[in-house]
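1. My questions are about this predicted structure, shown below with the sequence.
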Amino acid sequence: MKGFTRRSTRAVTKGSWFVRFTRGIMRLLQRVLARWRGLEAREKHYTAIFLDDSSQDRLLAWWKARVGIPLLPNLRAHHMTLKFDPSPDDIRALRLGDEGLVQAIGYAADERGQAVLVRSSVRSSNTYPHVTIAVANGVNAVYSNELLRKGVIFMQGPTLTGTIGVDT
């Protein structure tokens, strides 16, 4: 029995194969866990047609002149989302960097948000493709989806141009 105890004690000493093996497995598990956490914590990104400066200016000028509702404090008016949190295949399917056209066809507004319903040269995953114009304090731009579901006032608006891209 003494011989068995000595051998088993030696087997788990500092430089033994068992300790090295266990440490290797632990490092591997730590790397896998860190990668998994990184995937979980990564920033969500989206694909969109990002409006050029002149299109943003035309859209806001149209809103002020034709819609006539004062803008809410948090101005957006810079993109039309194609897909939120797209897969790599979704991104590869787009012609990133190409020009995209957006035609304003209506709007919706309340005390929480303002949005323009649009028709686009690129398909959007949103039920109501839109450009968020502005939102109230404490309101996220995603509220525009709910706002447009409540009802739209149809009105022909400007045709806008932008660049198809990805952002976080």
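-> That came in fine, so what should we check first? Numbers count the residues shown, from 1 in each chain.

2. got a list of contacts for stretch 131-144?
-> 51, 59-60, 63, 71-80, 102, 104, 107-109, 111-116, 118, 128, 130, 160 (Cβ atoms under 8 Å, 6 or more residues apart in numbering). (C-beta placed from N, C-alpha, C; glycine too.)

3. Just the buried residues of those residues.
-> 51, 59, 63, 72, 74, 76-80, 102, 104, 107-109, 112-116, 118, 128, 130, 160 (16 or more other Cβ atoms under 10 Å).

4. hang on, the earlier thing: can you list which of the contacts of stretch 131-144 are found in strands?
-> 51, 74-75, 79-80, 102, 104, 107-109, 113-116, 118, 130, 160 (DSSP state E).

5. any idea how far stretch 139-152 is from the chain center?
-> Distance of stretch 139-152 from its chain centroid, counting by Cα atoms, centre = their mean, to the nearest Å, is 16 Å.

6. Give the buried residues for it.
-> Within stretch 139-152, the residues that qualify as buried are 139, 141, 143-145, 147-148, 152, counting by 16+ other Cβ under 10 Å.

7. how long is that stretch from one end to the other?
-> 19 Å (Cα to Cα, to the nearest Å).

8. repeat for stretch 60-71
-> For stretch 60-71, the end-to-end distance is 9 Å (Cα to Cα).
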